[in-house]
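In: Provide a 3D model corresponding to the input given below.
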Amino acid sequence: RGWFLRLLTNMATSLEVCVDSLASALNAEKGGCHRLELCAALSEGGLTPSYGLIKAVCSATTIPVMVLIRPRNGDFLYSDAEFEIVCEDVRQAMALGAAGVVVGFLNANGTVDARRTQAVVALASPMPVTFHRAFDVAADPKEALETIIAAGCKCLLTRCPTQVVATSRRRRQHHQRHRHQQQTT
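Out: Numbers count the residues shown, from 1 in each chain. The predicted structure is shown next:
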């Protein structure tokens, strides 16, 4: 389904498999991956998996399970109510034995939402927090990376390292569309 490389802040790499079922998790572990990212609705870009799935995968595997925390599809700008859902999902993932969580928050101008990212890092501690592919649509990748590191995230999930230096036009178009949508609502 989705093979992704995570870039760790210390420049080491690990193979991680994105899974959406217990069978996929077991097969990935058997196949030699180092870590799992557990999601639901991969066709929607990934959403927070169910309580039961998190519990089953964390119990049945021996490799670290990183749980995606994303309450809905679409952009990465969340209301206060949605952010409260994120926080509760982080608490549940911790209680169920997750090794860490995967999140991503942006502001309307395409910058990383440092306040919310820092809040989740503090809430999830001592579990590591990975910042997900919201990074790929950030307005300024270098600034975004610095903000993510300063917020305390231990890993960054991105499509590929070249995303850091390319596709600024796509990012600008994404944020222009979002600003236009906000103005018309």
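
In: how would you label Glu143: helix, strand or coil?
Out: helix (DSSP: H, G, I helix; E, B strand; the rest coil).

In: neighbours of it, just the number please.
Out: A count of nearby residues for Glu143, using other CB atoms under 10 Å, gives 13. From N, CA and C alone the C-beta is placed, and that goes for glycine too.

In: apart from its neighbours in sequence, what residue is nearest it?
Out: In space, not counting the residues next to it along the chain, Glu143 is nearest to Thr111; the distance is 6.8 Å by CB to CB, 6 or more residues apart in numbering.

In: and that neighbour, how many residues sit next to it?
Out: Thr111 has 15 neighbouring residues, counting by other CB under 10 Å.

In: buried residues of the strand or helix carrying Ala23, list them for me.
Out: Ala23 belongs to helix 22-30 when assigned by DSSP states H and E. By neighbour count on 16 or more other CB atoms under 10 Å, the buried set for helix 22-30 is Leu22, Ser24, Ala25, Ala28, Glu29.

In: show me what contacts the first one?
Out: Taking CB atoms under 8 Å, 6 or more residues apart in numbering, we find Leu22 in contact with Leu53, Ala56, Val57, Ala60.

In: of the residues you listed, keep whichever come out buried.
Out: Buried, going by 16+ other CB under 10 Å: Leu53, Ala56, Val57, out of the contacts of Leu22.

In: export those as a markdown table, with columns for secondary structure and pLDDT.
Out: Shown next, in a markdown table, are the buried ones among the contacts of Leu22 (DSSP: H, G, I helix; E, B strand; the rest coil; pLDDT from 0 to 100):
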| residue | secondary structure | pLDDT |
| --- | --- | --- |
| Leu53 | helix | 98 |
| Ala56 | helix | 98 |
| Val57 | helix | 98 |
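
In: nearest to Leu156, of those residues?
Out: For the buried ones among the contacts of Leu22, the minimum distance to Leu156 (CB to CB) is 22.7 Å, reached by Val57.
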